[in-house]
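> Give me coordinates for this.
(one chain, ligands or ions: 1)
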Amino acid sequence: KKKIAVMTSGGDSPGMNAVVRAVVRMAIHMGCDAYCVYEGYEGLVQGGDLIKRMQWNDVRGWLSEGGTLIGTARCMAFYERPGRLVAAKNMILHGIDALIICGGDGSLTGADKFRAEWPSLLEELVANGQLTKEQIGPYQHLNIVGLVGSIDNDLSGTDATIGCYSALARICEMVDYIEATASSHSRAFVIEVMGRHCGWLALMAGVATGADFVFIPERPRDRDWKADMSTVVRRHRELGKRKTIVIVAEGARDKDGTKITPEEIKDLLADKSEGGLALDTRITTLGHVQRGGTAVSYDRTLGTLQGVEAVRAVLEATPETETCFIAINENKIVRKPLMKAVAETKELSKAVDAKDFEKAMGLRDTEFAD
Ligand code: ATP
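Okay, here's the model as predicted:
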């Protein structure tokens, strides 16, 4: 009987509970024992009560809960081999032979490293007397399957990560609230959204709310971005707009790599000197409201369908199978090689040429006037 464990790791994202529920129930449905590892890799390293057997009813009502009910953590120990050695021992002591991890690219990289090292970890555990040959016997291969849980939609090879549409919906809702008060007072707002390396949230929120100007990391602005933005904002005001909304991703920067901050955007909009826009301007940092709260239906569905597929992938895997993650491509749930996607993500996060960017996004400019 297979014992399948599920874990959430890295930053939490809405929809992770749907994943855990689906994995637990699908595992039980397929005649396996289901486990949850609490607190991400910390749970594997500490073992004990942090690795729990789950029953069907234990995940009842989880679809409508935000965050991750089994906890998540950043675990320093798992970056080092000794930490992974203890994790391997704890897994064997609990009898777990397959692990489904829902997290970002860091968590999935750690998972692949763990799987690759697995045989040598077992050898070491026997060599130093922590486990016997009989104990490790049934655990020669570790099956690992990844699910991408992230609000940033920042993994290459999948159209959407679990949580990104919930965060986008939240941002749009917040911008709508801000717009009402901005219009009333004819104000400008600079709204900072999450996204240190990936501007998907900022860009899509810009499209969905008709923001005046958007700053994202993938498209570093020319050094004279101030003149560009002033021209656009002035034109929109002349057309009769009573509000100005500028969305800036945390990782926005110019072509020299210098961070573009909400403060300098505000100073520009509020500039009262001759030729300045002189707008009454406020900054709103949306922060963690983007991550919290319940998942939208898309993320619940995605988490559920991908959780089911992850259990199937674990059950069908052979020792020769490459580690996979579950993606969604053109509305189909598919298995894809994990490390290829992680490598492509790293490559794509480098600055791209403006023309390539526009082509990739199907856009002419990141400027969306009402
Ligand atoms: P987010 O997108 O929210 O940042 P993430 O999964 O990328 O999520 P990380 O903090 O990079 O978040 O990783 C989460 C945990 O995964 C780390 O605390 C660590 O325990 C493990 N991990 C990450 N990268 C590695 C690695 N290269 N080797 C081993 N373990 C790793």
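> interface residues of the chain facing the ligand?
9-11, 41, 74-75, 78-79, 103-107, 109-110, 113, 150 (CB under 6 Å from any ligand atom). Bear in mind the C-beta positions are built from the backbone N, C-alpha and C, glycine included.
> Just the helices from the stretch 251-370 of the chain, written as ranges.
262-270, 297-316, 338-348, 354-361 (DSSP state H, counting those that start in this stretch).
> Residue 119 - nearest residue in space that isn't next to it in sequence?
Spatial nearest neighbour of residue 119, excluding adjacent residues (CB to CB, 6 or more residues apart in numbering): residue 140 at 7.2 Å.
> Wait, that neighbour touches residue 133, no?
No: taking contacts as CB atoms under 8 Å, residue 140 lies outside contact range of residue 133: 11.2 Å.
> So between the two, which is more surrounded?
Each of residue 140 and residue 133 has its neighbours counted (other CB atoms under 10 Å); residue 140 has more, 11 against 8.
> Burial check on the closest residue to the ligand within the stretch 1-150 of the chain, number of neighbours?
Here the residue of the stretch 1-150 of the chain nearest the ligand is residue 106; by CB to the nearest ligand atom that distance is 1.9 Å. Residues contacting residue 106 under the criterion other CB under 10 Å number 14.
> What helix or strand is it located in?
Using DSSP states H and E, residue 106 sits in helix 105-127.
> how about the strands in the stretch 201-350 of the chain?
In the stretch 201-350 of the chain, the strands defined using DSSP state E, counting those that start in this stretch lie at 213-215, 244-249, 281-285, 324-329, 332-337.
> sorry, back to before: deepest-packed of the helices of the stretch 251-370 of the chain, please.
Of all the helices of the stretch 251-370 of the chain, helix 297-316 has the most neighbours on average by mean count of other CB atoms under 10 Å, namely a mean of 22.
> same for that one, what does it pack against?
strand 3-8, helix 16-29, strand 98-103, strand 143-148, helix 164-185, strand 324-329, strand 332-337 (3 or more CB pairs under 8 Å, 6 or more residues apart in numbering; DSSP states H and E).
> Can I get these in a markdown table including mean pLDDT and mean neighbour count?
Listed next are the helices and strands packed on helix 297-316 as a markdown table, based on pLDDT from 0 to 100; neighbours: other CB atoms under 10 Å:
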| stretch | mean pLDDT | mean neighbour count |
| --- | --- | --- |
| strand 3-8 | 98 | 27 |
| helix 16-29 | 98 | 26 |
| strand 98-103 | 97 | 29 |
| strand 143-148 | 96 | 28 |
| helix 164-185 | 96 | 19 |
| strand 324-329 | 97 | 23 |
| strand 332-337 | 97 | 15 |
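> what are the phi and psi angles of the residue nearest to residue 119?
Residue 140 adopts backbone torsions of phi -70, psi -30, taken as degrees, to the nearest 10.
> Enumerate every residue touching it.
Contact analysis of residue 140 by CB atoms under 8 Å, 6 or more residues apart in numbering lists 119, 122, 319.
> Most neighbours among these, please name it.
residue 122 leads the contacts of residue 140 on contacts (other CB under 10 Å) with 22 neighbours.
> Who are the contact partners of the residue nearest to it when sequence neighbours are not counted?
Of all residues not flanking residue 122 in the chain, residue 136 sits nearest, at 4.6 Å (CB to CB, 6+ apart). For residue 136, the contacting residues are 92, 122, 125, 126, by CB under 8 Å, 6+ apart.
> With residue 121 as the reference, measure out to the first one.
From residue 92 across to residue 121, the span is 10 Å (CB to CB, to the nearest Å).
> Give me the pLDDT value at the spatially most central residue of the chain.
Taking CA atoms, centre = their mean, the centroid of the chain lies closest to residue 150, which sits 1.4 Å from it. Note on residue 150: pLDDT of 96.
> Distance check, it against residue 163.
For residue 150, the distance to residue 163 - CB to CB - is 6 Å.
> what sits in contact with each of these two?
What both residue 150 and residue 163 touch, as defined by CB under 8 Å, 6+ apart, is the set residue 13.
> got any ranges where the chain has weak pLDDT?
Regions of the chain meeting the criterion pLDDT under 70 cover residues 349-370.
> about what we covered before: distance from the chain centre to the helix holding residue 106, please.
23 Å (CA atoms, centre = their mean, to the nearest Å).
> Tell me the first helix or strand C-terminal of that helix.
Immediately after helix 105-127, counting by DSSP H and E, sits helix 133-136.
> Restrict that next one to CA atoms and write it as CSV.
C-alpha atoms of helix 133-136 as CSV (Å, rounded to 0.1, in the frame of the first residue of the first chain):
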residue,chain,number,x,y,z
LYS,A,133,19.3,-2.2,5.3
GLU,A,134,16.0,-3.9,6.0
GLN,A,135,14.4,-0.6,6.9
ILE,A,136,15.4,1.1,3.7
